[in-house]
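*Asks:* quick one: sequence and predicted model below, then my questions.
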Amino acid sequence: MMSGHSRLRAVGMLTGAMVLTATACGSTTTATAPVDKPEVLAAFYPLQWVTEQVGGPDITVQSLTAAGVEPHDLELGAQQVADLEDATLTVYIKGVQPAVDEAVAADRSFDAATAVTTIPAGEHAEEEHAEEEHAAEEHAAEEEAGHEHEVSYDPHIWLDPSRFATVATKLGERLATADPAHAQGYKDRAAKTAASLTTLDQEFTKGLTACSTKTMITAHEAFGYLADRYQLKQVGITLDPETEPSPARIAEVAKLAKAEKVTTVFTEALVSPKVAEVLAAEAGAKTAVLDPLESKPSGDYLSAMRDNLQTLRTSLGCTP
Ligand SMILES: [Zn+2]
């Protein structure tokens, strides 16, 4: 984990140097470039989806994170840094991808986390950080370098459809400012997107009202907003996808799972199910895949969230 962060920092400094190169090249080419549709970069899948919905035919959208890639550890290539330099707007969430946080231009970016009320990073996260404080200087150096939990809030805001509806609305306003000629189109599509997310939110509220347990045990703590919005209790086995939990942590969560009548431990497509399987076996539970939508699902955001709702209803024993 620590070497991972050092590695990210090294790449961050490297991209810093590349930005300068890209600026030098960009200034000579953009002067003669024809005026085209705004090019918008989306940091990873859910942001790509909402940007496509709101931007419609008035923009081109490219995702910085390729399909099937875990976004937290994204490293930017030279081409992507150049793209960031040229893009009309970059849509991202500060705290998810350190490389993107460092490379975005402040005046041509939209940090979706600023559009909503955030919740603090998970309790378990705080515990782990507290333990790490004892690891002294090495950890202090790591803190200084900055890593994916450098923000105090939970960055997984897209997993609450009601907050994501607000993101759609604010993104519409931001695109309208960036491209005033098409302002009405952005605002209309933003309203339509927000409405479909509000419908989804209502389905979640209704579907998760009467359940035999409200405790969801997840592979990593991605579902804090879903838990916050629908009064569920999330217990993450690990803080992030890279961390291996200790046997003591597994035993602790297994005990809690039994006490709270948990029948299912949730795993993710991009994370090895091994830890969740060990835990499920210890707690006498089974496993099911819950998609944190950090990468493109087989359908789209809405269909994958409806699949998640169905999985949750079955696993938590919700009626009717
Ligand atoms: Zn995550």
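*Replies:* Cool, got the structure.

*Asks:* hang on, isn't Asp179 packed against Gly55?
*Replies:* No - counting by Cβ atoms under 8 Å, Asp179 does not reach Gly55; the two are 9.1 Å apart. Every C-beta, even on glycine, is put in place using the N, C-alpha and C of the backbone.

*Asks:* overlap in contacts of the two?
*Replies:* With contacts taken as Cβ atoms under 8 Å, 6 or more residues apart in numbering, Asp179 and Gly55 have Pro38, Tyr186 as neighbours in common.

*Asks:* where does the protein have low pLDDT?
*Replies:* The model of the chain has pLDDT under 70 over residues 1-35, 122-149, 239-242.

*Asks:* what about the helices in it?
*Replies:* Applying DSSP state H to the chain gives helices spanning 2-29, 45-55, 78-86, 98-103, 123-133, 136-145, 161-178, 183-207, 224-229, 247-259, 274-283, 301-316.

*Asks:* neighbour count winner among Asp179 and Gly55?
*Replies:* Between Asp179 and Gly55, counting by other Cβ atoms under 10 Å, Gly55 is the more crowded of the two (26 against 19).

*Asks:* I figured that one hits Lys187, correct?
*Replies:* No - if you go by Cβ under 8 Å, Gly55 and Lys187 don't touch, sitting 11.9 Å apart.

*Asks:* residues touching the residue lying closest to Asp307 once chain neighbours are set aside, list them.
*Replies:* Residue nearest to Asp307 in three dimensions, not counting chain neighbours: Asp291, with 6.9 Å by Cβ to Cβ, 6 or more residues apart in numbering. Applying Cβ under 8 Å, 6+ apart, we find Asp291 in contact with Glu268, Ala269, Pro297, Ala304, Asp307, Asn308.

*Asks:* between the residues you listed, which sits nearest Gly207?
*Replies:* Closest approach to Gly207 among those (Cβ to Cβ): Asn308, at 10.4 Å.

*Asks:* which residues touch the closest one?
*Replies:* Residues in contact with Asn308 (Cβ under 8 Å, 6+ apart) are Leu226, Leu290, Asp291.

*Asks:* please list all residues in contact with Ala285.
*Replies:* Applying Cβ under 8 Å, 6+ apart to Ala285 gives the contacts Ala257, Val262, Thr263, Thr264, Val265, Leu279.

*Asks:* bridging residues for the fourth one?
*Replies:* This means Thr264. Lys286 (DSSP bridges).

*Asks:* ok so, going back, neighbour-wise, which of the contacts of Ala285 leads?
*Replies:* Going by other Cβ under 10 Å, Val265 tops the contacts of Ala285 with 30 neighbours.

*Asks:* pretty sure Val151 is touching Lys94, no?
*Replies:* Yes - proximity of Val151 to Lys94 meets the contact threshold set by Cβ under 8 Å, at 6.0 Å.

*Asks:* residues shared between the contacts of those two?
*Replies:* Each of Ala113 lies in contact with both Val151 and Lys94 under the rule Cβ under 8 Å, 6+ apart.

*Asks:* the more surrounded of these two?
*Replies:* Set side by side, Val151 and Lys94 show more neighbours around Lys94, with 19 against 16, by other Cβ under 10 Å.

*Asks:* sorry, back to before: tell me which of the contacts of Ala285 is nearest to Leu197?
*Replies:* Nearest to Leu197 among the contacts of Ala285: Thr264, at 25.9 Å, using Cβ to Cβ.

*Asks:* so that closest one sits right up against Leu312, yeah?
*Replies:* No - in this structure, Thr264 is not within contact of Leu312 by Cβ under 8 Å, at 9.1 Å.

*Asks:* please work out how many residues are found near Leu77.
*Replies:* Not quite, residue 77 is Gly, not Leu. Neighbours of Gly77 under the rule other Cβ under 10 Å: 12.

*Asks:* actually, Lys258.
*Replies:* Burial of Lys258 is recorded as 13 neighbouring residues (other Cβ under 10 Å).

*Asks:* now Thr117
*Replies:* A total of 10 residues lie near Thr117 under the criterion other Cβ under 10 Å.

*Asks:* distance of it from Glu244?
*Replies:* Distance, Thr117 to Glu244, using Cβ to Cβ, to the nearest Å: 33 Å.

*Asks:* ok, Thr51 next?
*Replies:* Per Cβ to Cβ, Thr51 is found 35 Å from Glu244.
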